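Asker: take this sequence and fold it.
(2 chains)
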2 protein chains.
Amino acid sequence: MKVGILTIGNELTSGKTQDTNSSYIARELQVQGWPVVVMMSVGDDHAAIKGALDHILALADALIVTGGLGPTADDITTAAIGRAFGRKLYTDEVCLKHIQEIFKEFRLHWTENNAKQALFPEGAETIFNPVGTAWGFSLRVDGKVIAVIPGVPAEVKIMLPEGVIPLFRKAFPEASRHVATRIFKVFGISEAGTDKLLSDIDLEALGVEIGFYPDFPEIHVQLKARTATEEEARERLARAETEVMARLKDNVFGYDEQTLEGVVAELLTERGLTLAVAESLTGGLITDRLTDIPGSSKFFERGCVTYSNRSKTDLLAVPEDILKEHGAVSEQTAVRMAEGVRRQAGTNLGLSTTGIAGPDGGTDEKPVGTVYVALSDGKETYCRHYDTFRWDRRRIKVLSAQAALLMVKRYLKDEIRHEP
Amino acid sequence: MKVGILTIGNELTSGKTQDTNSSYIARELQVQGWPVVVMMSVGDDHAAIKGALDHILALADALIVTGGLGPTADDITTAAIGRAFGRKLYTDEVCLKHIQEIFKEFRLHWTENNAKQALFPEGAETIFNPVGTAWGFSLRVDGKVIAVIPGVPAEVKIMLPEGVIPLFRKAFPEASRHVATRIFKVFGISEAGTDKLLSDIDLEALGVEIGFYPDFPEIHVQLKARTATEEEARERLARAETEVMARLKDNVFGYDEQTLEGVVAELLTERGLTLAVAESLTGGLITDRLTDIPGSSKFFERGCVTYSNRSKTDLLAVPEDILKEHGAVSEQTAVRMAEGVRRQAGTNLGLSTTGIAGPDGGTDEKPVGTVYVALSDGKETYCRHYDTFRWDRRRIKVLSAQAALLMVKRYLKDEIRHEP
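Answerer: Numbers count the residues shown, from 1 in each chain, chains lettered A, B, ... in the order given. You can find the predicted model right below:
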């Protein structure tokens, strides 16, 4: 069963409001196994709405429309749909009474234009709105189903799962197939490189589809199996997952909704370990990410953003000799920073970054993008040198923070490679 | 001149990625006075792309397409557009050389699929990509102009104004008037509040248009003058700006492309002052933002992310008595943190944040969203208490960091109000 999405409103085509409904609806339909073949946005205009309805209904079996159900003059969705399919509008008395009760309850002043929200095209069935005055409706046209709901995102998030999806499942029982998906979160190889590593997998034989979604600095690889039974979908996915993991190995740091900081937080919590961080070029980005995790105070003790040489000496006890001889951007400094912050904070682990984020400050020997990341556990200190971060200042920071968090994850999963 | 927008990618129709390009493009076209008549998103599919092209070109004079220009097998935009209009693909040697140079420079491994990015439909003119390997192109079809650019938002934000808009202005000179815009960046009042403050300005008499664009946690107010001559547009804008600033006053922290951290950096540099930061709930977000500014080491000495009580005592010399008596989230602690970090770092200014980001940890007396921000200059310490940040964890952090940076800006512009 193919579905189309139409969002209506001048605020969308003028760029004033970001349409978040289409993306949310598409994701929910994907879970149902109903592909979205087209998404459209048009302004509050009869001809534009009719054109969009015609285009989508030529491609899809069902259509979800959001927006333009308010009481004001520029809300014309119901009228436009009625006109497009030659249906007059009628007043639904149950809906009208509900709206009038809401006005009473909130002591709002009733004006006649509010009765407009109880108008529906002939043949429509109403869709109850439990959180507002804008009820939706569904309409059957030539064997296709159109569902219309308001455009307020909070209302969509209730009326889609509670109103529209059950309606579609009833209207298209044969299209209730099962879908299983798995997202692999990859860092350390490019999109093309990931694609190449996986290119010899026989997707057709496994009965799965694959998609690559770059989300800087990560690549998200999505596997999807769509079959008649839930069990079969899960089995196909499991077989394909084995193939993918055999090729991507520890370049995969997480799955589905996991974030790298979330994975690190979980591993630290599981093992009852604590972490302190000393950041130079990343400037607080690592600890900002770690402290986005609720309850991070359980494993995160402190961070030192040691931008000046003096702060490296003061807070981390990096010897002045080291800074003089090797410079602030060096393996020696990174190692001393990680060891220093661990010791000062009294934590199990100490993590550090130092490097040149640019655009200035690079030299022939140490160009912009030269980065050192180090991790100390009190016995050993691991340090890694990066010289391939050739981007702008922000992305060098993002890559460096990611590399540092990855080092912690690898350490905690015993995947770390000691690179002296 | 009417324009349509088509964004292409399975990641859009599957709901995996939120399309932010359409909204951004619509807003930029609106500035030029070119209405967007339809926005569409389709997957990486030849028939769907052809259907969308036909639908949009029947309605619009020009079309902007984004996405599907990558090197992998599912990137088919160029091939689909070529096929839709019966144009074979050719290799652009200048583009190919540019891509190969990028691979050399970044020491990336060249694979043959990357050459695909240098293919264009016959008759196309290339659009240079200054920040990536995916060049765009424009194509004329029956008097209409199609411009195709990659889907990476950062690349769209460069290639739309630098590549596509000049191209459209040249192709449709009669629809090209002079446009002058000014964006006022507002923090501290709501969109409705901003609207109300400005509601008595006679926009028609001034010959300008106004738009409100919420960009959490800021409101961006855009003034726009569109006239026959550049001089007239600029004059109108200047007159309107006086009216706006008389009403918004120091709720405006910057203009156009300015960021709050950029404004703070400029003021500190101008006055030759240095800053140290002690962050509790913001977790490094303030120093992350400050160190995004090139050359921030000139004014930024160090940051301490003091998440534990012990780190507040160790690094900032906050007395244990204060923590015990008033708690880590209190005016007293915020003040001692700001004073402590200033003294330890030997900087002119010390900035601090402490608060409850949630979702847990709130009490009746100090609910989630309770935040204290303090700034010390060695003579006086200013502290402000916020209790209206009722959002999720991330947004409470973002609001708190913004409030802290705003305090520094107000101090440096002598706008600060001492709130004991």
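
Asker: please make it C-alpha for all contacts and neighbour counts, starting now.
Answerer: Fine.

Asker: got the residues of the stretch 301-420 of chain A near chain B?
Answerer: Residues of the stretch 301-420 of chain A found near chain B (CA under 8 Å from any CA of the partner chain) are A:301-308, A:311, A:315, A:345, A:358-360, A:388-390, A:393-394.

Asker: which of the residues you listed are buried, as a PyMOL select command?
Answerer: Of those, the buried ones can be selected in PyMOL as follows, counting by 16 or more other CA atoms under 10 Å in any protein chain shown:
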select buried, chain A and resi 301+302+303+304+305+306+307+308+311+315+345+358+389+390+393+394
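
Asker: among the residues of the stretch 301-420 of chain A next to chain B, which are in strands?
Answerer: A:301-306 (DSSP state E).

Asker: tell me the one of those nearest B:A80?
Answerer: A:V305 (49.5 Å; CA to CA).

Asker: correct me, but the closest one touches A:S280?
Answerer: Yes: contact between A:V305 and A:S280 holds when scored by CA atoms under 8 Å: they sit 5.8 Å apart.

Asker: which parts of the stretch 201-350 of chain A are helices?
Answerer: Taking DSSP state H, counting those that start in this stretch as the criterion, the stretch 201-350 of chain A contains helices spanning A:203-206, A:230-248, A:260-271, A:285-290, A:309-316, A:320-326, A:331-345.

Asker: tell me the mean pLDDT over the shortest one?
Answerer: Averaged across helix A:203-206, the pLDDT comes to 95.

Asker: which residues touch that helix?
Answerer: A:209-210, A:236, A:239-240 (CA atoms under 8 Å, 6 or more residues apart in numbering or on different chains).

Asker: most surrounded residue in the residues you listed?
Answerer: A:A240 (25 neighbours; other CA atoms under 10 Å in any protein chain shown).

Asker: not counting its neighbours along the chain, what's nearest that residue?
Answerer: Once flanking residues are discounted, A:A240 sits nearest to A:L206: 6.4 Å by CA to CA, 6 or more residues apart in numbering or on different chains.

Asker: got it, and A:F299?
Answerer: Nearest to A:F299 is A:T274, by CA to CA, 6+ apart, at 4.3 Å.

Asker: list the contacts for A:L315?
Answerer: A:L315 neighbours (CA under 8 Å, 6+ apart): A:304, A:306, A:340-341, A:344, B:315.

Asker: lowest-pLDDT helix or strand in chain A?
Answerer: Lowest by mean pLDDT, DSSP states H and E among the helices and strands of chain A is strand A:209-215, with a mean of 83.

Asker: dump the residue contacts of A:I201.
Answerer: A:I201 is in contact with A:243-244, counting by CA under 8 Å, 6+ apart.

Asker: would you list the contacts of A:L315 in CSV and tack on distance to A:V94 and pLDDT?
Answerer: Listed next are the contacts of A:L315 as CSV, based on distance: CA to CA, whole Å; pLDDT from 0 to 100:
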residue, distance to A:V94, pLDDT
A:C304, 62, 98
A:T306, 66, 98
A:G340, 70, 98
A:V341, 67, 98
A:Q344, 69, 97
B:L315, 65, 97
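
Asker: closest one to B:K409 out of the residues you listed, please.
Answerer: Nearest to B:K409 among these, counting by CA to CA, is A:T306 at 22.8 Å.

Asker: what number of residues lie near A:G33?
Answerer: Considering only other CA under 10 Å, A:G33 is surrounded by 20 other residues.

Asker: that one and chain B, how far apart?
Answerer: Plainly put, A:G33 is 10 Å away from chain B if you go by CA to the nearest CA, to the nearest Å.

Asker: might one say that A:Q344 is in contact with A:L316?
Answerer: Yes: with contact defined as CA under 8 Å, A:Q344 reaches A:L316; the gap is 6.9 Å.

Asker: more neighbours: which of these two?
Answerer: The residue with more neighbours, out of A:Q344 and A:L316, is A:L316; 22 against 17, by other CA under 10 Å.

Asker: next up, the contacts around the more buried one.
Answerer: Contacts for A:L316 (CA under 8 Å, 6+ apart) come out as A:278, A:336-337, A:339-341, A:344.

Asker: residues touching the residue positioned nearest the centre of chain A, list them.
Answerer: Central residue of chain A (CA atoms, centre = their mean): A:E257, 7.7 Å from the mean position. By CA under 8 Å, 6+ apart, the contact set of A:E257 is empty.

Asker: repeat that with 10 Å
Answerer: Counting by CA atoms under 10 Å, 6 or more residues apart in numbering or on different chains, A:E257 touches A:182-185.

Asker: gap between stretch A:204-211 and the chain center?
Answerer: 23 Å (CA atoms, centre = their mean, to the nearest Å).

Asker: end-to-end on that stretch?
Answerer: End-to-end span of stretch A:204-211 (CA to CA, to the nearest Å): 14 Å.

Asker: grab the nearest non-local neighbour of the residue in the stretch 151-300 of chain A positioned nearest to chain B.
Answerer: Closest to chain B within the stretch 151-300 of chain A is A:G284: 4.2 Å, counting by CA to the nearest CA. The spatial neighbour of A:G284 that comes closest, neighbours along the chain excluded (CA to CA, 6+ apart), is B:G284 at 4.2 Å.

Asker: now do the residue of the stretch 151-300 of chain A closest to chain B against B:T306, distance only.
Answerer: From A:G284 across to B:T306, the span is 12 Å (CA to CA).

Asker: need the residues touching each of those two.
Answerer: Common neighbours of A:G284 and B:T306 (CA under 10 Å, 6+ apart) are A:303-304, B:279, B:282-284.

Asker: for those residues, which one is nearest A:T72?
Answerer: Nearest to A:T72, judged by CA to CA, of the shared contacts of A:G284 and B:T306 is B:T282 at 41.8 Å.

Asker: pretty sure that closest one is touching B:T353, no?
Answerer: Yes: contact criterion CA atoms under 10 Å: B:T282 and B:T353 qualify, at 6.8 Å.

Asker: need the overlap of contacts for these two.
Answerer: B:305-306, B:371, B:397, B:400-401, B:404.

Asker: redo these as TSV? Include distance to A:F168 and secondary structure.
Answerer: Converted to TSV, these look like this (distance: CA to CA, whole Å; DSSP: H, G, I helix; E, B strand; the rest coil):
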residue	distance to A:F168	secondary structure
B:V305	51	strand
B:T306	52	strand
B:V371	46	strand
B:K397	40	helix
B:S400	44	helix
B:A401	45	helix
B:A404	49	helix
